[in-house]
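Asker: can't give you the sequence, but here's the structure:
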């Protein structure tokens, strides 16, 4: 039934869009595929391309045997099928869940060869592990002030065998505070970034899909948001609203969503013009279904990339807010907050800035490296750069 | 060109108006009572009410905004609640400091980013390339305040090469500008590298080589000049962002710029000053973008605005 399955090959973007075009065309008209077209996507030719994996799946859902020999052998992975009374359109590839367009193995293969990215991945795993396991791996309680945690003059202690990274101004174990700080950083990173992605995707996709005045209004709104002095606005909001973790995350999201929205917007603008969207629309597929089934899968790779890169931005942003003293409130351990508290002691106890600083740097670096590697792996244009 | 310019200017005005509306709404909707803050903790309710009506804070929000806008159009940003000085005077006294810091920051960004990106592109896929790119990522990922504090610790405190923060001489500007420029330098290096890689395979570069130009001349005159385009728009953006005040760096180095002004005003909810800073910052960002867009056709004759 599934012919040519063993001849899975890679096809380039260009070829893929040819296939899309051809499919939408063919099935909108319900005409058998002319041989010339069928040849275009014959597995042997496809295999020469430099792009992505496709699996050759028979289109049993629309009764392939009626459509002549060409179709039998050629068709690409079927994302979903839209039909109406007299037409059917295959919405190809990139609808994850049913058929994998890009099995993780290929992305993983490319990431694997990228040594900085591997390093980033390891650091990322460590930071996430630490954040999850903080209560079990931390040597002490983060709030505990040790009586022997300060020198006789009341100064914080340098790293020693008892306090591996030394103690902070209140005689608390710095290592413990940093391990717990990973929780706050990552949690705010995830919350803020998740919110920014959601808002950004929503606005970007709606504006890109409907165009016209919606898109004009969107562009002006984002122009306006981009003209805001982001940090000043964030500080003002955080300072006046009294920072809780939720507020900090929300403030960061409010500042960051614009960039995501612009990226999604331009992506939807180009995807939205492709034939399969037009075909779906012509068939009267409800808009929400077009968004969810046809548009969204095409945005996933980008969202993955910016979701990763965005964590790095939000971690830095949170650290800056905490450093200025408008992040999460003091007894809660946070990296930026520790640096803020220690600033006055900095010249005598530089490790109080160095260790949390290194934590921020490494976390942000790790997410940047991984996000960048993902971008390279996903965007064929950047490949080999 | 003229039509384009007018359209862009009109857009900028709309953007600025929008920024004032949103900031105004946000600041006045917040649960902070400026009248109470000015009056002090021990003031009676009468005093607070009097101050409130003096400042026009008892009016409805749209009325307050309309008044604010009216004054803004005449170049009057109001009076600081805390210092009883015109906000415009406060801003003017800080702009010079911010300007020098902006200039220094951008200079460092370019000094770090351009050579690094060019080197990386010319030695593509070598050890040099990968270490430069890793360095660029480090620069991008380093929090400014940590970089700043360590510059202060080593270069100023330990080795005494620079003053420990403050403002006045050219020596004062170097450390904060460097702390400011590192992150941008990382971005510039990445952008420059990929722009160079794009340009180097173009026909005109091959032609330049074919007609026998020396390699440095090919690279500098033909490749670099074209690869600079994306960097120009980044510089435009950065002029805007930096002129709008860099709170973190200014606070680490006690640099008396717009960012510090904003930070101090925020702590005491001095709304006219915060508004003033936001307006000036937005103006700077919009102008920076405009400059970048206008520089494009000047650098690249292929681009023309209708």
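Answerer: Alright, I've got the coordinates. Everything quoted here is computed from the prediction, not taken from an experiment.

Asker: what's the spacing between whichever residue of the stretch 201-350 of chain A sits closest to chain B and residue A:340?
Answerer: Closest residue of the stretch 201-350 of chain A to chain B, Cβ to the nearest Cβ: residue A:229 (3.6 Å). Where you see a C-beta, it was placed from the backbone N, CA and C, and this is true even at glycine. Using Cβ to Cβ, to the nearest Å, residue A:229 is found at 21 Å from residue A:340.

Asker: what's the burial count for residue B:6?
Answerer: 10 (other Cβ atoms under 10 Å in any protein chain shown).

Asker: correction: residue A:239
Answerer: By other Cβ under 10 Å, the residues close to residue A:239 number 21.

Asker: Okay, now the unreliable bits of the stretch 151-300 of chain A?
Answerer: A:243 (pLDDT under 70).

Asker: same thing but at 80, please
Answerer: A:151-166, A:168-171, A:211, A:230, A:237-244, A:273 (pLDDT under 80).

Asker: ok, residue B:116 - contacts?
Answerer: By Cβ atoms under 8 Å, 6 or more residues apart in numbering or on different chains, the contact list for residue B:116 reads B:132, B:135-136, B:185, B:188-189, B:192-193.

Asker: how about 6 Å then?
Answerer: By Cβ atoms under 6 Å, 6 or more residues apart in numbering or on different chains, residue B:116 lies in contact with B:132, B:189.

Asker: Which element, helix or strand, includes it?
Answerer: helix B:87-122 (DSSP states H and E).

Asker: Quick check: residues of the stretch 51-200 of chain A near chain B?
Answerer: residue A:116 (Cβ under 6 Å from any Cβ of the partner chain).

Asker: ranges for the helices of the stretch 51-200 of chain A?
Answerer: A:69-74, A:104-113, A:115-137, A:174-210 (DSSP state H, counting those that start in this stretch).

Asker: With mean neighbour count added, can I get those in CSV?
Answerer: Below are these laid out as CSV (neighbours: other Cβ atoms under 10 Å in any protein chain shown):
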stretch, mean neighbour count
helix A:69-74, 18
helix A:104-113, 14
helix A:115-137, 16
helix A:174-210, 22
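
Asker: Look up the closest residue to residue B:47, ignoring the ones flanking it.
Answerer: Excluding the flanking residues, the one nearest residue B:47 by Cβ to Cβ, 6 or more residues apart in numbering or on different chains is residue B:39, at 5.1 Å.

Asker: what about the one you found, neighbour count?
Answerer: Around residue B:39 there are 19 residues (other Cβ under 10 Å).

Asker: So it sits against residue B:49, correct?
Answerer: No: judged on Cβ atoms under 6 Å, residue B:39 makes no contact with residue B:49 at a distance of 9.3 Å.

Asker: returning to that earlier point: buried residues in the helix holding residue B:116?
Answerer: B:87, B:90-91, B:94-95, B:97-98, B:100-102, B:104-106, B:108-110, B:112-114, B:116-122 (16 or more other Cβ atoms under 10 Å in any protein chain shown).

Asker: Not counting its neighbours along the chain, what's nearest the closest residue to chain A within the stretch 51-200 of chain B?
Answerer: Using Cβ to the nearest Cβ, the closest approach of the stretch 51-200 of chain B to chain A is made by residue B:146 at 3.4 Å. Nearest residue to residue B:146, sequence neighbours excluded (Cβ to Cβ, 6+ apart): residue A:357, at 3.4 Å.

Asker: Which of the helices or strands spans the one you found?
Answerer: Counting by DSSP H and E, residue A:357 is found in helix A:351-378.

Asker: Quick one: work out the angle between that helix and helix A:174-210.
Answerer: 30 degrees (axes from the mean of the first three to the mean of the last three Cα atoms, to 10 degrees).
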